[in-house]
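**Student:** Sequence plus predicted model, see below.
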Amino acid sequence: MRRFEDLLPRFGTDRLRGRAGPMIDLAEVYAATGDLDQATSLARQVSEAFADVRSSRITGQLAQLNEA
C-alpha cells in the first residue's frame with residue numbers, strides 16, 4: 001500500500017492517464033484491507049479527476065472498483 005501512496009505524488013498533473021491506474025490500484029488495496037472510507041474517497045477523486053478523460057480502460061477499472 002505504501003508503494004502506491006508514495007508513487008502518486010510523482011505523477012504531474014499533466015499525467016492524468018498515468019495517475020489513473022495507481023490511484024485505482026490504491027483504492028482497491030484500501031477496499032481489500034477494509035478501509036472503505038479511504039477506498040470510497042479515492043474512488044471519488046478518480047471519478048472527478050477523470051471525468052473529462054475518455055478511456056475505456058479507466059472506465060472499466062472504475063466500474064470494477066465501484067462493484068467491489
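**Tutor:** Arrived safely, thanks for sending.

**Student:** Give me the distance between A51 and Q45.
**Tutor:** As defined by CB to CB, to the nearest Å, A51 lies at a distance of 11 Å from Q45. The way it works is simple: take the backbone N, C-alpha and C, and place the C-beta from them, glycine included.

**Student:** ugh, wrong one, G21
**Tutor:** Remark: distance between G21 and Q45 (CB to CB) = 14 Å.

**Student:** neighbour count winner among the two?
**Tutor:** Between G21 and Q45, G21 has the larger neighbour count (other CB atoms under 10 Å), namely 16 against 13.

**Student:** Figure out the helix or strand that that one lives in.
**Tutor:** helix 16-32 (DSSP states H and E).

**Student:** Residues contacting the helix or strand following that helix, please?
**Tutor:** For helix 16-32, the following helix or strand on the C-terminal side (DSSP H and E) is helix 36-49. Here helix 36-49 makes contact (CB atoms under 8 Å, 6 or more residues apart in numbering) with 16, 19-20, 23-24, 26-28, 30-31, 58, 62, 65-66.

**Student:** what comes up buried for helix 36-49?
**Tutor:** Burial within helix 36-49, assessed by neighbour count using 16 or more other CB atoms under 10 Å, is assigned to 38-39, 42-43, 46.

**Student:** the inter-axis angle of it versus helix 16-32?
**Tutor:** On the basis of axes from the mean of the first three to the mean of the last three CA atoms, to 10 degrees, helix 36-49 is oriented at 160 degrees to helix 16-32.

**Student:** Pull the distance from helix 36-49 to the chain's centre.
**Tutor:** Centre-to-centre, helix 36-49 and its host chain are 7 Å apart (CA atoms, centre = their mean, to the nearest Å).

**Student:** With just CA atoms, put that helix into PDB.
**Tutor:** Presented in PDB, the C-alpha positions along helix 36-49 are these (Å, rounded to 0.1, in the frame of the first residue of the first chain):
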ATOM      1  CA  LEU A  36     -13.700   1.500   2.900                       C
ATOM      2  CA  ASP A  37     -13.700   5.200   3.800                       C
ATOM      3  CA  GLN A  38     -10.300   5.700   2.100                       C
ATOM      4  CA  ALA A  39     -11.300   3.500  -0.800                       C
ATOM      5  CA  THR A  40     -14.500   5.500  -1.400                       C
ATOM      6  CA  SER A  41     -12.700   8.800  -1.000                       C
ATOM      7  CA  LEU A  42     -10.100   7.800  -3.500                       C
ATOM      8  CA  ALA A  43     -12.600   6.400  -6.000                       C
ATOM      9  CA  ARG A  44     -14.500   9.700  -5.900                       C
ATOM     10  CA  GLN A  45     -11.200  11.600  -6.500                       C
ATOM     11  CA  VAL A  46     -10.500   9.400  -9.500                       C
ATOM     12  CA  SER A  47     -14.000   9.800 -10.900                       C
ATOM     13  CA  GLU A  48     -13.900  13.600 -10.500                       C
ATOM     14  CA  ALA A  49     -10.300  14.000 -11.900                       C
END
